[in-house]
Structures are given as structure tokens and as C-alpha cells.
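Next one to model:
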Amino acid sequence: MDSIFAFLIDWGYWGMLIGAFLAGSFFPFPSEAIMTGLVATGLDPTTLIYYASIGNILGSLFNYGVGRLGRLDWIEKYLHVKEEKINKTLKFMNGNGAWMGFFAFIPVLGSAITIVLGLTRANFPISLFSISVGKIARYLILVYGLSYIF
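Predicted coordinates for the structure are as follows:
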């Protein structure tokens with residue numbers, strides 16, 4: 001895993017985008033570690049927020065698209081998201097639909113949320129908006145916190 005982090009940090013902003021995409025999709029990947037490393041190297045935090053947000057949002061939209069295909073067998077087999085987790089997420093969302101995309105920034109549960117948004121065919125523009133607000137807020141808070149460290 002260290003070599004992956006080093007590779008992505010070497011790629012700078014594009015490494016941030018790739019790491020954030022992985023974290024936003026169903027892969028368990030800590031984009032925060034990449035962000036921390038890149039801020040420590042002196043890259044512009046505002047630009048990092050843009051790249052991280054775009055990558056993370058695209059990763060969530062990938063999940064939405066997979067969910068929209070509606071193939072639970074594929075979701076379980078390839079994404080390793082069990083039907084039980086999908087049912088728990090549906091219960092968590094409690095019929096609030098597309099607006100629950102805001103919580104897509106939550107580790108582990110966020111992937112299930114975006115998959116369920118696709119499965120339920122939630123309103124795409126509202127889903128995109130709510131996912132984006134949550135993801136951007138996540139990175140703003142992270143960089144604001146890092147500004148006290150570096």
C-alpha cells in the first residue's frame with residue numbers, strides 16, 4: 001500500500017484525483033492520506049480540494065451507475081457489497097432518496113448510499129448536487145484541519 005501512496009503522491013494533483021476516485025467508488029481507499037501527503041509536499045490546498053472533490057464525486061457517480069444497472073448479483077460479486085448492507089442503507093435512507101447523497105462522504109456506508117441511489121433510480125440532478133455538497137465539505141474540513149498542522 002505504501003508504494004501506491006508514493007506513486008499517487010508523485011503524480012501530484014492527478015494522483016489526488018485518482019486516489020479520490022478510488023475512495024469515492026467501492027474501493028476501500030483512504031484519500032485523506034493522499035491529501036495529507038500532498039499538502040505536506042507544499043501543493044496548493046485549494047487546487048487539491050478541486051481535484052479531490054472531482055475525483056470523489058466521479059467515484060460516487062460510478063457507484064450510482066452500477067446501482068442503476070440494477071444487478072444485485074453483480075453488486076455482490078464484483079463490488080463486494082452484500083444485500084444486507086444495501087438493505088441497511090435503504091433503512092438508513094428512510095425514503096429520503098436523492099438528498100441522502102449528502103452522506104456519501106461517510107466511509108464504507110457512502111459507497112452503499114450511492115449504489116442504493118442508483119438502484120432506486122433517485123433523481124439524478126438532486127443526487128449529484130447532494131453528493132457534491134457532502135464531498136466538497138469533507139475535503140474543505142480536511143484541508144482546514146490540516147492547515148493547523150502544516
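
only C-alpha atoms for contact and neighbour calcs from this point on.
Fine.

What's the local residue count around F103?
Residues lying near F103 (other C-alpha atoms under 10 Å) number 20.

was I right about it contacting V133?
No. Using C-alpha atoms under 8 Å, F103 is not in contact with V133, being 9.3 Å away.

For the residue nearest the centre of the chain, report the pLDDT, please.
By C-alpha atoms, centre = their mean, the mean C-alpha position of the chain lies nearest to G24, the distance being 2.2 Å. Per-residue confidence (pLDDT) for G24: 91.

Over to A112?
86.

Contact partners for the residue nearest to the centre of the chain?
Counting by C-alpha atoms under 8 Å, 6 or more residues apart in numbering, G24 touches 55-60, 105, 110-111.

Turn the residues you listed into a markdown table, including secondary structure.
A markdown table is the format used below for those (DSSP: H, G, I helix; E, B strand; the rest coil):
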| residue | secondary structure |
| --- | --- |
| G55 | helix |
| N56 | helix |
| I57 | helix |
| L58 | helix |
| G59 | helix |
| S60 | helix |
| F105 | helix |
| G110 | helix |
| S111 | helix |
